Structures are given as C-alpha cells and as structure tokens.
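Undergrad: here you go, sequence then predicted model.
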There are 2 protein chains.
Amino acid sequence: MSVRVGVVGAAGAVGSTLLSVLAEREFPVGRLRLLATARSAGQVVRWRDTEVVIEQTRPDSFAGLDICFLAVPGAQVSRHLAPLAVAAGAAVIDKGSAFRMDPNVPLVVPEVNADAVRPGPGILASPNCTTIPLVLCLQPLRAVAGIRRVIVSTYQSASGAGQAAAEELRLGSEAILAGAAAEARIFPRPLAFNVVPQCDLFAEGGFTLEEWKLVRETRKILSAPDLRLTATAARVPVFVGHSESVYVETESPLTAAAARAVLAQAPGVDVRDDPEHGVYPTARDAAGTDRAQVGRIRQDPHDPCGLHLWIVGDNLRKGAATNAVQIAEEWIRR
Amino acid sequence: MSVRVGVVGAAGAVGSTLLSVLAEREFPVGRLRLLATARSAGQVVRWRDTEVVIEQTRPDSFAGLDICFLAVPGAQVSRHLAPLAVAAGAAVIDKGSAFRMDPNVPLVVPEVNADAVRPGPGILASPNCTTIPLVLCLQPLRAVAGIRRVIVSTYQSASGAGQAAAEELRLGSEAILAGAAAEARIFPRPLAFNVVPQCDLFAEGGFTLEEWKLVRETRKILSAPDLRLTATAARVPVFVGHSESVYVETESPLTAAAARAVLAQAPGVDVRDDPEHGVYPTARDAAGTDRAQVGRIRQDPHDPCGLHLWIVGDNLRKGAATNAVQIAEEWIRR
C-alpha cells in the first residue's frame, strides 16, 4: 500500500513533528507533498532519504492526495483549506480546532474511539493537546467506576502555542537571567519564570477557549454529552510537555490501587507511580514520548469516590502529531 | 515602644526578606540581633542606618529578646531553638512547620484569626506559604456561603524551597539554554523548564507533606476541623510567587459576581479579575507584594455551588516574612 500524503504547515512545530512521526512509524507514504505559507515556501526538508521542497499552499494544491494533514495555526486557515482538500478527494486530518465540534466530523483519539473514523474523503479532527492525555486516562476509569465529574488544572508548555511562542520563552528566559525584562508578543504576559493563567482567548462564563475545548472535546470523544468537567488552563515556562492535575469523582468507589491497575492496562497510557522511589512523571519526562504518562494516583482522604491523577503528555507528539498519524493509520485500515 | 528583636536564619531567603519587611513596616525595633549558623556568622548586614553583624546561634543567644523570629530551614532546628528562646522570655514567631499543628501553639494569619495571638513569652506559628493566600480567600467565602469542600492544585516557586533552591533553578535554566543538562541537588528532579509534582517528602496516602500541610493548617486556622480539602502541590520554574488553582464547593450557591464582591472587601486580598481587559494575577505580579491576589473567578457551569479561583501570593513576603511580622504586630498590641 502506498498513500499520497500532504502536510500543510510543514514548517511549524506540529508539522515538523508530524514528518518525524510519519517516518518513525513507517507510515506507507508514497508521495509526500509539503505545503506552507509563502514565507516557508522553497525551504528544503530532509525526510527519510529524500529532500522535499516546501510549496506554497494554493487552492489546487490538493489534487492527487489521499490524506492531507492540516497543521496550521488558526481555525480560519483550516476552514478555508479543508473543504478544498476534501473536494479534491482527500481525507483531511486536522490538528486544529476548526471542525472538532462539528457534529458531522469525527473527533478521534484512536485508543478511545477509533470506530469513529470513516473511510473515504472527508474531515477527521484530532483533539486539543490537553484533551488527548486526559481522555486516555478517563475512558478506562469510566469503564470500571463511572465518572460523576472531573476538575482539571493544566500546566501547559510554550510549544502548545507554536514554535514562535517557544522561542519567545527562550528569549525571555535569557533576558531575565541577564537581568533584563522579558517581552510578551505572543503570550498575553511574559511567560519566562512566570505562570500565566490564560491559554487562548476568554469566552463565556469567564472560561478561556482552551478550558471550553477540554470540556466539549472530552464529552464528544467519550460520547458523554452531560459529563461534568470544569477546568483551569495555565501556561508554564516549559518548552515541551503539558501536565494536568486531575481530580476525578467516580460514581462508585475506586481505590488508588484499583485505578492504578486499570490504567496500567489502558492503551496509550503508561503508569509511572511509585512516589516512595521518586517515580512520577514530570513535564520533561513526557517530551519525546507517544503515550500519556500518569502518576501521583491518590484517593481523596475524605471521599472514596475522589481520585487525584497527575497526567503528562508530549503536546507536539501524542497531543498533536502522533495522534494525527494514528488517525491516518486507522483511516487506511477502513 | 521599643522591642528587642532577634532573627534566626537572618542570611536565608525568608530571613533577609524579614529584615526588609521589619524596616518597611517600621516595626518598633529597639535592639536587633541577627543569628545564623556558623557559616553565615560574621557577615555584616545593613539594616536601616545601622550595620549588624550576624552572630552564630548559641543556646544563650536569646537572653534579653522580646521577640525572636525563627526563619530556619528544617523543623528540627526550630524544635531545638524555640524552647530555649521561650525559656529566655521571648515570644517566638516560627515560620517553619515544627509547631504549626501543636494544639498549644496558635497558627496565625492575622487577617483571619488574630484573636489566636497570646501575649507574653510562647510560640506563635506562621503557616505554610501556600496556606496563607488560600485561607485569606476561603475565610470570607465561607462566611457568606459556607464551604463544603476545596480542591487545590498549586504552582509553587523555587524560592519556597530556599535561596539555594532558587539558585539551582537559575543554574539549571542557564545550562539548558546553553544546550547542557540541568542538575538536581535540592529539588527531586531538575526544575528548569519543567514541572515537578513533588514539594517536600511523601507521606500517608501518597500525598506529600506539603499537600497535608495545606489540608491541616487550613483546618486549624479556619477552626474547621472537618473541612474537606484535598490538594496536589507541584513545583514550577518560577523564582518567587506561588500560584494556586482552587475549586471551592460552597454550601449555598454563590455567583462569580457575588464572590468577587465578597473578596474585594476581604482583608489582605486584592481582586484582580477583569479577564476581558487582560487583568488576572500571574506569579510574577505577586512578587514583592504583601497581599494575596485573586482572579479568574468563575462559577462552575455545571454547579451553582462550584467556584474557580486563581490565587497568587509572594511566598517569601505574605507567605512567610510579612505574615510573621504581622503576627509580631498583633503580639505587641496584646
């Protein structure tokens, strides 16, 4: 089998990770077409044994593609390009937020709801980088104990806002270490040596779009439209790796040991939970990995149905690129 | 009035902040005696218009003191020194954890429970740096709506673990920016550009001592021995300023607007909550301040009794030094 693959946004943080993941997972790429804005067009990208020139994306760029990954910042770009790619006969796998909540578009974390993937041309959406590790852990707990509600606080890395954002963190950190001030152009406040409790824009109820994404996407993926989930999303000065402090209230009591055993069997999840020996996942442990890592699993001392989890994931890989490639792997099986 | 003041640990992160705060608040210091370990003895500290030489702490160092601040790392040192100072006739104000849960020792945040301060010689404890901003916000909410339970996730700065820990963050950050690896000697894992979900040692139930401190100290200060509070404490790469993502379940419904109005009247609390105009507190905003700052006040969309708060505080000042000086101010009024 040989698949003609396009990657839009090939020069960005997620796009370049996507290329690595396609190679690592030996995705059956027949032809590879790399697309980006005029700014990146002409760049030569080394991929496996070949060199591929990035082309400027045009309305007719999608002809002849089987799968087109969209790794572009901003929902507007996806909204413009995805229908063009589908009309040209491609399955579009969008890592952005444009179509995630569209009732006609499957929102897929393959370990959780691979069944949602449909064959043929059409749009398939990959969830937000904080949603993916969360649902990987919630789904197996829900299966054994039910979930009454979830309260999440995130610790999100700079690269979740793109390569330029990670660079802003680097420059700001250097400035502060040199005794100067950090500038904020991409982040709403300087992120270096700071915590900024705003990811994305503010929306209804005082919650940010990022916080709403966690709520709505989790409900859709788990087919749990009434799931009570509420979140606070904060940006921390980390380059790669999102962490989440998660409190789960289950419907029936669940001990930490039982939760640990369930999560140890869960696809896409690694349990790293032996605090007495210093074993728990940190943000940096997540970087470069393709699975969610979970530790600090504890039962609320005041509630046998209350469970704490500490979840980390690589926001560029499983949180974006790897999940998109896994969706493509499911698609070619259909 | 003139008070003879001793500061043990005068060369440390909290001790040196304490000296600044004593001067800023024009505490009526008559005589000032600075004590520390042999390593720091002999250092000359400029305080107001005088120069004070740090002396090595000895069993007889406390004679003639009215108030002795203990700003020493490790509960063992406090346990050893506090009784000596009390026997010499001093009121001991301990910023450490040694005596906080002792039923005979008042644990004081003056805005909340100044009444607990007793006159004369004896030990008075100042709470943990995450507890103080939390109780400043919980107390007024409890007064109007009752509190059913609280779920806290912290984002704690390096200086909470002392000056050497902050220096480890600085060196580690420089190393990583230069392409090298960060070392961990004080923190359990390298903190630079990372999030480490461990503050202090692990204890019962898989919770850390830091997490238990938040639970037990909050209960004691609020005189709410059965308060359901559960926490996850994580260290973030910030020099000064602790942040806390707090979910409060009240007994009666409380809108965000009502909570905002209540907190705006609360002593020791500044509401900074106008997200549409980019107003919310970040860790760096807290540094150098003497009040808790709270923002991102939101009602849980699924629960009229659920409230999110984002609280920040300077862990060296209100979280430690300022609170200790405020306790001393209460003491001299008795």
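TA: Ah, there it is.
Undergrad: show me where chain A has its helices.
TA: Secondary structure of chain A (DSSP state H): helices at A:13-24, A:75-87, A:110-113, A:131-145, A:163-177, A:209-221, A:256-264, A:283-286, A:322-333.
Undergrad: what is the end-to-end distance of stretch A:27-44?
TA: 21 Å (CA to CA, to the nearest Å).
Undergrad: run through who's touching that stretch.
TA: Under the criterion CB atoms under 8 Å, 6 or more residues apart in numbering or on different chains, residues A:1-12, A:15, A:19, A:21-22, A:45, A:47, A:50-57, A:61, A:64-65, A:325, A:328-329, A:332 lie in contact with stretch A:27-44. From N, CA and C alone the C-beta is placed, and that goes for glycine too.
Undergrad: quick one, what contacts the closest residue to A:Ser245 other than its chain neighbours?
TA: Closest residue in space to A:Ser245, ignoring its immediate chain neighbours: B:Ser153 at 3.8 Å, by CB to CB, 6 or more residues apart in numbering or on different chains. Each residue near B:Ser153 by CB under 8 Å, 6+ apart is listed here: A:153, A:232, A:245, B:231-232, B:234, B:244-245.
Undergrad: B:Ser153 and A:Val215: what is the separation?
TA: Per CB to CB, to the nearest Å, B:Ser153 is found 17 Å from A:Val215.
Undergrad: before we move on, what about A:Ala38?
TA: 37 Å.
Undergrad: the two: which is more packed in?
TA: A:Val215 (20 against 8; other CB atoms under 10 Å in any protein chain shown).
Undergrad: count the neighbours of the residue lying closest to A:Ala328 once chain neighbours are set aside for me.
TA: Nearest in space to A:Ala328, with sequence neighbours left out and distances taken as CB to CB, 6+ apart, is A:Ile67 at 5.3 Å. Applying other CB under 10 Å, we find 24 residues neighbouring A:Ile67.
Undergrad: if we look at the sheet, which residues does A:Ile67 bridge to?
TA: A:Val5, A:Ala91 (DSSP bridges).
Undergrad: thought it was touching A:Asp94?
TA: No. Using CB atoms under 8 Å, A:Ile67 is not in contact with A:Asp94; the gap is 11.5 Å.
Undergrad: kindly compare burial across the helices of chain A and name the winner.
TA: Among those, ranked by average contacts under mean count of other CB atoms under 10 Å in any protein chain shown, first place goes to helix A:283-286 (a mean of 26).
Undergrad: how about the residue nearest to A:Ala328, what does it touch?
TA: A:3-6, A:90-93, A:328, A:331-332.
Undergrad: thinking again about what came up before, bridging residues for the residue nearest to A:Ser245?
TA: Beta-bridge partners, per DSSP bridges, of B:Ser153: B:Thr232, B:Ser245.
Undergrad: against A:Tyr155, how distant is it?
TA: From B:Ser153 across to A:Tyr155, the span is 8 Å (CB to CB).
Undergrad: how about A:Ala145?
TA: Distance from A:Ala145 to A:Tyr155, by CB to CB: 26 Å.
Undergrad: quick revisit: are any of the contacts of stretch A:27-44 buried, and which?
TA: Buried by 16 or more other CB atoms under 10 Å in any protein chain shown: A:3-12, A:15, A:19, A:21-22, A:45, A:47, A:52, A:54-55, A:57, A:61, A:65, A:325, A:328, out of the contacts of stretch A:27-44.
Undergrad: how many residues are close by the residue of the stretch 1-150 of chain A at minimum distance from chain B?
TA: Closest contact between the stretch 1-150 of chain A and chain B, by CB to the nearest CB, is at A:Arg149 (7.2 Å). A total of 18 residues lie near A:Arg149 under the criterion other CB under 10 Å.
Undergrad: please name the residues that touch it.
TA: So A:Arg149 contacts A:227-230, A:248-249, B:302 (CB under 8 Å, 6+ apart).
Undergrad: can you redo the helices of chain A as JSON lines with mean pLDDT?
TA: Formatted as JSON lines, these follow (pLDDT from 0 to 100):
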{"stretch": "helix A:13-24", "mean pLDDT": "95"}
{"stretch": "helix A:75-87", "mean pLDDT": "96"}
{"stretch": "helix A:110-113", "mean pLDDT": "98"}
{"stretch": "helix A:131-145", "mean pLDDT": "98"}
{"stretch": "helix A:163-177", "mean pLDDT": "97"}
{"stretch": "helix A:209-221", "mean pLDDT": "98"}
{"stretch": "helix A:256-264", "mean pLDDT": "98"}
{"stretch": "helix A:283-286", "mean pLDDT": "95"}
{"stretch": "helix A:322-333", "mean pLDDT": "98"}
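Undergrad: turn the ones you listed into TSV, columns for distance to B:Val279.
TA: Compiled in TSV, the helices of chain A are given as follows (distance: least, CB to CB, whole Å):
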stretch	distance to B:Val279
helix A:13-24	29
helix A:75-87	26
helix A:110-113	38
helix A:131-145	28
helix A:163-177	21
helix A:209-221	17
helix A:256-264	39
helix A:283-286	28
helix A:322-333	35
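Undergrad: closest to B:Ala258 out of these?
TA: helix A:209-221 (21.2 Å; CB to CB).
Undergrad: what angle do the closest one and helix A:75-87 make?
TA: 30 degrees (axes from the mean of the first three to the mean of the last three CA atoms, to 10 degrees).
Undergrad: counting by contacts, list what helix A:209-221 packs against.
TA: helix A:131-145, strand A:147-156, strand A:228-235 (3 or more CB pairs under 8 Å, 6 or more residues apart in numbering or on different chains; DSSP states H and E).
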